[in-house]
Structures are given as structure tokens and as C-alpha cells.
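1. next come a sequence and a model predicted from it.
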Amino acid sequence: MSKGKRFEEEPQLNMKKVFAVIIAIVVIIMFVLIIKGLFTKETSTGKISSESYYTIYKDNKYGVLSSTGKTIIEPSYAEMIQIPNNKNAVFICTYDINYQTGEYKTKVLNQKNQEIYKQYNKVEAISNKDENNNLLYEQNALKVEQNGKYGLINIKGKELVPVEYEEISPIIGIENSYKIKKDGKYGIVDHEGKIVIEPQYADIDILGKDNKSGFIIKNDLGKYGIVDYSNNQILEAKYNSIQKVFSNDLYVATDEEKQKLIKNDGTEVLKEGFSEIKEILSSQENAVIFINNNKYGIMDLSGKVLINAEYDYLTEAKTGYFIAKTGDKFGIIDINKESKISFEYNSIVYNKKADFYILEDSNFDSNVLNSNLETKLSGMILELNEDKGYIKIRQEEDTKYYNFKFEEKQEKDLYPNRTLFLDKKDGKYGYLDKNGKNVVEYKYDDATEQNDFGFVGVKTDGKWGSLDTKGNVVQDPTYNLDDYLLIDFIGRWHLGLDINMMCYNQQ
């Protein structure tokens, strides 16, 4: 599943507008781990020339653009063209829409503007959302319809699931798993077409973040239980509800309107002293985070309260440390309620893969702390890239890269295939080649780093334009992008205002 909507290049933050929306940006950046490079991701070969495809918008019409800057489909469709996997030339066009009845038609075009997959009445991209509620498309499967029945094909047109189901829908927040309905019963199929759970339940949902965690099932009596990947019963279907909170053989279920912590054999572990269980700790304390009177606390599995319910938010970060919130400020405490970081930050995020904390203060600047809570970096976080293992940060007037060991890196070390490297001299921006030779003179008021397609954005006299891989002008600086959050170019096309659409425009 694409974690970055419909593009994989690296847009550039527009610093004129970033302060107005910095909180939203940081939230997106901090969860780039799920997103896997919302703003930055090289192709598998790392080459700038790798072709991909993006939606474009001009004169109230939509078309398709390749990453080389070539227009594949002229802007001619009233509805946005869906590109489920931008590495494949599969473009889903919607037309003949009846807004009163909701009826519409679809057709699929390739890079030659030829219609493909014509054997189906409809072909649709499968919309999903990540855990940050960002809209995205499933990359590995398309839903097809014929005579009122549904099936799945892969992006190249191979049938995965026969067209025989009453419904096929994504499981929100979970990639490559789909709920199927047949004869009024629900089951699960994966992106390869394997029936994981045969349609046999009144309803079904995934318990965790993938199929391997098991499934919450509902029987015909309206009661809930849990089965594993092989459809073996883990928890008897006798509960009013089951929450997506679990650890080892512990689960949170509701019985007679009361939440309980139970084992897989139904044995009750905790049933009093809380109104809701939010998290089962993975640490050695063998405890849970609970809520009482809308406040968070911690109790062990015997019911002993370790931390009173007095926080407005509480979650486990690294073992023994907890990110807590009082009022509108965040801090860090340990299991003994000892304050490790004072409550003075707008947000605190722990990145498990990088094993560090990012603390944002009231001025929207951040401190990056190692696992021992020692401050290692300070500045404005521009990007956290888990795939390549670096953090990009603005420190005063400089933008710098650091790996997860807090060693400074150069852009050319991280992106050796780039041909232009941003540089600043006497208050003006220009570009160097990988050998440090100046190849674009220092004459621009602002500029972006090179994206994975080889283009850069340059600004002069308040207007933006673009250069190609060699520093030649592709688009003279004529675009006013003062209101744009992200500055990014493919040829003469610039990224649109709504970053959730990830659509390129021309003015």
C-alpha cells in the first residue's frame, strides 16, 4: 500500500508558510515510518530516470504526467484520474457521472492512451487510510465488477479473486487485506488472492496490524470472539465487543457493558478499578494503561495502581518510560512517576526504529533526544526518513542531515545519484555538482533540493520556476507559490495546494 498517497518524490518545505501549519507537518513527518517516505523515497534502483506517473490538473480538467515531464494523458477528464500504483501505467478514468443516482462509468488507460481491462463493467482503485487518516490507494490490487458481482485483479490485470462476491472492501488501516462477502457472510482474502478466512461470519475485522495478529469475528447471535490466521478459535464468541488491545495471550473484551482483561481461555485477569483499558504494556512491569474519569493511569495485573489516573494522556515509549500529557503539555515519566522530561512541550514522539525522542516546544522547534534522554540535536525537523536512516533538520540558516547515530551526513552521501546539490553563497542559492563544482550560478532567492526525478525549484523576484538535471531552465520563474506548503516540480508542473491530492498543476 502506498504510504505517501500517489507520489514518491521529495517535495520541499516552503518556509514562508511552514510556521502556520508546522504542527500538521511534523505529525506527518513523525509517522513517515508507516508512511515510508511520504515526502522522500528513492526508486529501487536509486536512479533519477526511473519513470512513474502522476495526476495533473489544468483548466478544471485532469490528466496524467510522467516523472520525465511528458504529458501522458492530456487534461480532459472532469473527475480526478486514479493512479493506484504510480510505477505502473494503469490510469482509471471516471466519466458519465449521474450525481443524482450515483451511477458512473470507468475505463482504464495505459501509457499509450489505450483502453485495457475492457472485459469488466467497472474497474476501481481501492481506497484506504493509514493510521494517520491519510487517504491512499492499495497498490497491489484493483476491484472489478461484472453483473453486480465483485472480484480482484492485480495491477497487471491477472485475476486474483473471481468475480463472485457481493462485496469486497479494504480493512481500514491495514494493507493487503480485504473483507469479502458471499451469501451474506464475511471472510478475509489477501492481496495474492488467498482466502485467509472463508466467508462464514456475520462480520469480521483484523485484531492487530496484519493478518498474523488474528481476527475479531461476530457470530449470528451478535457476539464477538477471536480466531487466528488458520481460523482456530482463540477466544470464544460470547462477548459484547472486543477491543483492538492485546498482548501475548491477553485480550480486552466487554461483557455485560463492562470491560475486562482476559486470557485466551476466558479467565478474567482484571475487571475492576478502571472504566477502560487503553494499552497492555510490553515492559517488565506486566501492567496496563487504564482510564478512569477521563484520566490515564497504570495498574499491574493484580489490580494494584502503580500510577494514579491523573494524566490527560499516557502511552508507553521505550521500556520503563512513558509519554504523558497534563493540560496541553507533554513530558516523560518513568514507572515510579518520576519526571524525566518536564511538562513543557507541545508534542513528544518516540521513534522505535530510530530509538530516539522528538520533542517540539512552543516555538515549533524540536529537540532530538537519544534513548538515555540526552539532547543530541536541536532545530526544526524537516524530514525523518526511516528507509535511508536519516533525519533532516534546519539549524539556524543551515539545513543538515544526520544518521540515527547523530553523525552528520552530506546530501551526496545519502543521494549519490543526484546531479545537483543545493548551495548558498552571499545570500543567494545555486547548485554544485557531486565534485563540488558550481554548475548553476548563485542568483536565486530560494531553491529546493533535487527531487528523485532530477528537477529542482528555483525562486527569484517572488516567483518560482524549475531546472532539469543539468541545471537548464525548464520553467522560467513565473509561478506565485506563496500560499503553497510544499514546493516540488516535475518539468513545468508544480505540486498543487492540497498535498493530500498530490496532483501537479500549471498556472
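-> Received, thanks. Numbers count the residues shown, from 1 in each chain.
2. give me the number of residues near Thr315?
-> Thr315: 16 surrounding residues under other C-beta atoms under 10 Å. C-beta here means a position set from N, CA and C on the backbone, and glycine is covered the same way.
3. please apply the same query to Asp461.
-> 8.
4. and if you look at Glu164?
-> Neighbourhood size, Glu164 [other C-beta under 10 Å]: 11.
5. same check, this time on His191
-> Neighbour count for His191, taken as other C-beta under 10 Å: 19.
6. surely it touches Leu142?
-> No - distance between His191 and Leu142: 10.6 Å, which falls outside the contact criterion (C-beta atoms under 8 Å).
7. overlap in contacts, these two.
-> Listed as contacting both His191 and Leu142 by C-beta atoms under 8 Å, 6 or more residues apart in numbering are Leu152, Asn154.
8. buried set for the host helix or strand of Leu142?
-> In this structure, Leu142 sits in strand 135-146 according to DSSP states H and E. Neighbour-count burial for strand 135-146, counted by 16 or more other C-beta atoms under 10 Å, picks out Leu136, Tyr137, Glu138, Gln139, Asn140, Ala141, Leu142, Lys143, Val144, Glu145.
9. next secondary structure after it?
-> Next in sequence after strand 135-146, counting helices and strands by DSSP H and E, comes strand 149-153.
10. what's the helix or strand just after that following strand packed up against?
-> Sequence-wise, the next helix or strand downstream of strand 149-153 (DSSP H and E) is strand 159-165. If you count contacts as 3 or more C-beta pairs under 8 Å, 6 or more residues apart in numbering; DSSP states H and E, strand 159-165 packs onto strand 135-146, strand 149-153, strand 177-182.
11. need the contact partners of the last one.
-> With C-beta under 8 Å, 6+ apart as the contact definition, strand 177-182 has outside contacts at 126, 141, 152, 161, 164-171, 186-191, 195-196, 199, 204-206, 210-211.
12. what about Ile280, how many residues nearby?
-> Other residues close to Ile280 by other C-beta under 10 Å number 20.
13. bridged to it, which residues?
-> Val288 (DSSP bridges).
14. tell me where this protein has helices.
-> 15-30, 32-35, 411-414 (DSSP state H).
15. between the buried residues of strand 135-146, which sits nearest Asn88?
-> The nearest member of the buried residues of strand 135-146 to Asn88, counting by C-beta to C-beta, is Gln139 at 8.6 Å.
16. what sits against the closest residue to that closest one other than its chain neighbours?
-> Using C-beta to C-beta, 6 or more residues apart in numbering and skipping the chain neighbours, the partner closest in space to Gln139 is Asn85 (4.2 Å). Taking C-beta under 8 Å, 6+ apart, we find Asn85 in contact with Ser2, Tyr137, Gln139, Asn140, Ile155.
17. could I get the residues you listed as JSON lines with pLDDT and distance to Lys179?
-> Below are the contacts of Asn85 laid out as JSON lines (pLDDT from 0 to 100; distance: C-beta to C-beta, whole Å):
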{"residue": "Ser2", "pLDDT": "36", "distance to Lys179": "20"}
{"residue": "Tyr137", "pLDDT": "92", "distance to Lys179": "17"}
{"residue": "Gln139", "pLDDT": "92", "distance to Lys179": "18"}
{"residue": "Asn140", "pLDDT": "91", "distance to Lys179": "16"}
{"residue": "Ile155", "pLDDT": "95", "distance to Lys179": "20"}
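18. closest to Phe330 among the residues you listed?
-> Ranked by distance to Phe330 (C-beta to C-beta), the contacts of Asn85 are led by Ser2 at 30.5 Å.
19. can you give me the neighbour number for Glu310?
-> Glu310: 14 surrounding residues under other C-beta under 10 Å.
20. equivalent analysis for the one 3 residues further on, please.
-> Neighbour count of Tyr313, defined by other C-beta under 10 Å: 14.
21. good, we can wrap up now.
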